[in-house]
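A.B. asks: Kindly generate the corresponding structure for this input.
(2 chains, ligands or ions: 2)
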Amino acid sequence: MIEKLKPEPAIQSSKDASKIIIEITGMHKWFGAFHVLKNINLKVSTGERIVICGPSGSGKSTLIRCINRLEEHQEGKIVVDDVELTGDLKNIEIIRSEVGIVFQQFNLFPHLTVLENCSLAPIWVRNMAKAEAEDLALKYLERVQIPEQAKKYPGQLSGGQQQRVAIARSLCMNPKIMLFDEPTSALDPEMIKEVLDVMVELAETGVTMLVVTHEMGFATAVADRVIFMDEGEIIEQKPPNEFFQNPEHDRTKLFLSQILAH
Amino acid sequence: MAEATETYKVGQHPDLPPPRSEVGVIGWVKYNLLSTPFNVIMTLLAIWFLWSIIPPIFEWAVLDSVWTAESRKACWAKMEVPEGAACWAFIKDRIGLFIYGFYPADLRWRVNLSFVLMVLAIVSVLYENMPGRKFGLWYAVAFPFITGWLLVGGLGLTHVDTDQFGGIMLTFIIGITGISFSLPIGILLALGRRSKLPVIRVLCVLIIEFIRGVPLIALLFIASTMLNYFLPPGTAFDLLLRVLIMVTVFSSAYIAEVIRGGLQGIPNGQYEAADSLGLTYTKAHLLIILPQALKISIPGIVNTFIGLYKDTTLVLIIGMLDPLGVGRASLADAVWAGLAREVYIFVAVFFFICCFSMSRYSLWLEKRLSTEN
Ligand SMILES: Nc1ncnc2c1ncn2[C@@H]1O[C@H](COP(=O)(O)OP(=O)(O)OP(=O)(O)O)[C@@H](O)[C@H]1O
Ligand SMILES: [Mg+2]
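C.D. replies: Numbers count the residues shown, from 1 in each chain, chains lettered A, B, ... in the order given. Ligands and ions are numbered 1, 2, ... in the order given. Next up is the predicted model:
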């Protein structure tokens, strides 16, 4: 099912020549005395789709949260869309408006309707007129297939619907990069597919995606590269077929045997 | 009830209404008042208690009470048993004082007009479905200044000294000023206390802790006596204005702590979601964080406001005549002396009506906001 949605090879080759949109060099991060990310080096080209996996506590969430500076790194360099992430608040706000993130816990705004959730940032960050922003929001709500829920509050929706609203909310900012932090982990099994379908469809549009997930079917279907992390380091990175068939490191093998066991 | 015993095919059972004994007045009485023998006894005791207390109070306050008389003696003469009933004639005789204090009688229309304007302002702030509410909110912002001018005068109106203010009018002035200014100041203090900038944080903590650590009466004494020492000589600073500042500052500190509690109830994910969309600190707080935090804080905020409103009576110890002060002053009048019960009950009922309305409004607001989710 997911397999047939795999993007055309033509798109694949066209982006080899495209420019680097995220460049992380020699990056370290500590939580207090705890060294959570160690010497991270990562280059992502425009339009690339990357799946990040690894055991719990390996620093996957922390890594992608560093990319829009929800977490601050202490050493090394992160350049997103030609802007280096430093303490400069203006830069951070610019980068955040270009980078969408979808959280495990959805984090919708419970006091606003679905439509208001989606149109809020276009209105207040992009200074769009209200009517225009609402049209845009409806367009993306249609894209995630829940335009009929626009007037409801998040608390009235199922988990799968909430997560799709969260995706639409990010898309309304027309981001160049989309980050996903275990978007399906908080969902009941029957809702995982509806969210994954939306993500697969999104992958076809050519937006750059970094997805932390253990959904290996998704990785096989859409990823250009799978990154395996353990204890704060990037252990291995490969295209999905190679990654699943010829893992190099013992730790990768162990991890794969564990997640494929069930 | 008969329907419930009917049989339906599996998978085709319709929704049936609940049995009659579960709903309506009879159901309510049965379940709430008569459910157990102990409950029956409590209900009977309560009925007996109400029966023995309400009729005498009603007779004292309404049936046997006297509404027109020239003095206490005349009042009591009209009763079957002297002192056996309320002499509201006293309150009626002093009602001008109770409402306006010593505001010049020929200028009282200005107070009345302010009162009408106040009702309009309160309605525009509190009642969301009013047509043209945006205009109403701007009016509410302008209201304190319009009223200030109306009451004090100047710019074409005869000047009235604020030491002539008193009674219910004074309570309204202090209460409403305190309430409407302490909310925004309290929000700023609460945000400041959570600021990442140490200077702002420490400053806000110091302000909040200092003010919470000092009794309001002490602050009022400072306002009435000491403040003049600190101000440059020659700057006459109106006493009412000083009191208004003190009361506002005092309740701001409490509001700040209530709101800080509300802010702590907002999950981190809300900040992260707001930040990740590129919203600035100010916009994230105005659009996402504060609406939710204030909603959680409504009970605490209203609690603080009710406390503030009642504390306005404390101004009587620095010589300002609020309704309680007016009442005590009136009792000193030999013609009426001895009618303390009437005075204090009148004042109590006035405060009760105000505070109870605030409490009901907050319950209504909570209920309305909770239907959103
Ligand atoms: N704010 C924080 N303060 C201190 N330690 C933290 C903080 N956030 C995360 N950590 C620690 O950093 C490590 C990496 O956390 P992270 O959330 O990035 O892991 P993860 O790979 O996403 O794991 P999971 O699969 O469980 O989500 C964990 O050991 C975690 O306990
Ligand atoms: Mg994680």
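A.B. asks: can you tell me if stretch A:18-28 touches chain B.
C.D. replies: No: applying CB under 8 Å from any CB of the partner chain, one finds stretch A:18-28 separated from chain B by no less than 15.6 Å. For every residue, glycine as well, the C-beta is placed using N, CA and C.
A.B. asks: Averaged pLDDT, that stretch. What do you get?
C.D. replies: Averaging pLDDT along stretch A:18-28 gives 92.
A.B. asks: again, but for stretch A:58-71
C.D. replies: 95.
A.B. asks: now stretch B:134-142
C.D. replies: Stretch B:134-142 comes out at a mean pLDDT of 86.
A.B. asks: can you check stretch A:150-166 too?
C.D. replies: The model assigns stretch A:150-166 a mean pLDDT of 94.
A.B. asks: Report the residue spans of chain B with pLDDT below the cut-off.
C.D. replies: Along chain B, the model assigns pLDDT under 70 to residues B:1-5, B:20-22, B:227-228, B:231, B:233-236, B:371-373.
A.B. asks: burial count for the closest residue to ligand 1 within it?
C.D. replies: Here the residue of chain B nearest ligand 1 is residue B:268; by CB to the nearest ligand atom that distance is 9.2 Å. By other CB atoms under 10 Å in any protein chain shown, 10 other residues sit near residue B:268.
A.B. asks: The closest residue to residue B:136 other than its chain neighbours: what's it in contact with?
C.D. replies: Spatially, and ignoring its direct neighbours in sequence, residue B:136 is nearest to residue B:124 (2.9 Å; CB to CB, 6 or more residues apart in numbering or on different chains). By CB atoms under 8 Å, 6 or more residues apart in numbering or on different chains, the residues touching residue B:124 are B:130, B:133, B:136-137, B:139-140.
A.B. asks: got it, and residue A:180?
C.D. replies: Contacts of residue A:180 (CB under 8 Å, 6+ apart): A:101-102, A:199, A:209-213.
A.B. asks: ok, now with 6 Å
C.D. replies: Under the criterion of CB atoms under 6 Å, 6 or more residues apart in numbering or on different chains, the neighbours of residue A:180 are A:102, A:211.
A.B. asks: How many neighbouring residues does residue B:11 have?
C.D. replies: 5.
A.B. asks: Next: residue A:218.
C.D. replies: 24.
A.B. asks: Does it lie in a helix or a strand, and which?
C.D. replies: Residue A:218 belongs to helix A:216-222 when assigned by DSSP states H and E.
A.B. asks: what lines up beside the next helix or strand after that helix in the sheet?
C.D. replies: Sequence order places strand A:225-230 as the next helix or strand after helix A:216-222, per DSSP H and E. Strand A:225-230 has its sheet partners listed here by DSSP bridges as strand A:49-53 (parallel), strand A:233-238 (antiparallel).
A.B. asks: Can you tell me what sits against strand A:225-230?
C.D. replies: So strand A:225-230 is contacted by A:50-54, A:58-60, A:219, A:234-237, A:240, A:243, A:251-252 (CB under 6 Å, 6+ apart).
A.B. asks: Quick check: PyMOL command selecting the buried ones in these.
C.D. replies: Buried residues within the contacts of strand A:225-230, by 16 or more other CB atoms under 10 Å in any protein chain shown, are selected in PyMOL with:
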select buried, chain A and resi 50+51+52+53+54+58+59+60+219+234+235+236+240+243+251+252
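A.B. asks: filter the contacts of strand A:225-230 down to the ones near ligand 1?
C.D. replies: Filtering those for neighbours of ligand 1 using CB under 6 Å from any ligand atom leaves A:54, A:58-60.
A.B. asks: Farthest-apart pair in these, please.
C.D. replies: The largest separation in those, counting by CB to CB, is between A:54 and A:59 at 7.7 Å.
A.B. asks: circling back to that earlier point, of the ones next to ligand 1 among the contacts of strand A:225-230, closest to residue A:135?
C.D. replies: Of these, the one sitting nearest to residue A:135 (CB to CB) turns out to be residue A:60, at 35.9 Å.
A.B. asks: For the nearest residue to the closest one once chain neighbours are set aside, which residues are in contact?
C.D. replies: Leaving aside its chain neighbours, residue A:60 sits nearest to residue A:212 (4.5 Å; criterion: CB to CB, 6+ apart). Counting by CB under 6 Å, 6+ apart, residue A:212 touches A:52, A:60, A:181-182.
A.B. asks: could I get these as a markdown table with secondary structure?
C.D. replies: Formatted as a markdown table, the contacts of residue A:212 follow (DSSP: H, G, I helix; E, B strand; the rest coil):
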| residue | secondary structure |
| --- | --- |
| A:52 | strand |
| A:60 | helix |
| A:181 | strand |
| A:182 | coil |
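A.B. asks: out of the residues you listed, who's nearest residue B:224?
C.D. replies: For the contacts of residue A:212, the nearest to residue B:224 is residue A:181 (58.9 Å; CB to CB).
A.B. asks: The closest one reaches residue A:60, doesn't it?
C.D. replies: No: the pair residue A:181 and residue A:60 fails to qualify as a contact (CB atoms under 6 Å) at a distance of 7.7 Å.
A.B. asks: Need phi/psi at residue B:118.
C.D. replies: Per-residue torsions, residue B:118: phi -60, psi -40 (degrees, to the nearest 10).
A.B. asks: If we go by neighbour counts, what in stretch B:217-229 is buried?
C.D. replies: For stretch B:217-229, by 16+ other CB under 10 Å, it's B:219-220, B:222-224.
A.B. asks: swap in stretch B:337-347?
C.D. replies: Under 16+ other CB under 10 Å, the buried positions of stretch B:337-347 are B:339, B:342-343, B:345-347.
A.B. asks: do stretch A:180-190 as well
C.D. replies: Buried, per 16+ other CB under 10 Å, within stretch A:180-190: A:180-184, A:187.
A.B. asks: Which of these sits closest to chain B?
C.D. replies: residue A:181 (10.1 Å; CB to the nearest CB).
A.B. asks: Contacts only, for the closest one.
C.D. replies: A:61, A:64, A:103-104, A:212.
A.B. asks: Quick check: chain neighbours aside, which residue is closest to residue B:299?
C.D. replies: That would be residue B:362: by CB to CB, 6+ apart, it lies 6.6 Å from residue B:299.
A.B. asks: Confirm for me that that neighbour is in contact with residue B:303.
C.D. replies: No: under the criterion of CB under 6 Å, residue B:362 is not in contact with residue B:303, lying 8.6 Å apart.
A.B. asks: list the contacts for the residue of the stretch 51-200 of chain A found nearest chain B?
C.D. replies: Going by CB to the nearest CB, chain B is nearest to residue A:97 of the stretch 51-200 of chain A, at 3.2 Å. Going by CB under 6 Å, 6+ apart, residue A:97 touches A:125, A:173, B:278.
A.B. asks: from the contacts of residue B:124, which single one is nearest chain A?
C.D. replies: residue B:133 (16.9 Å).
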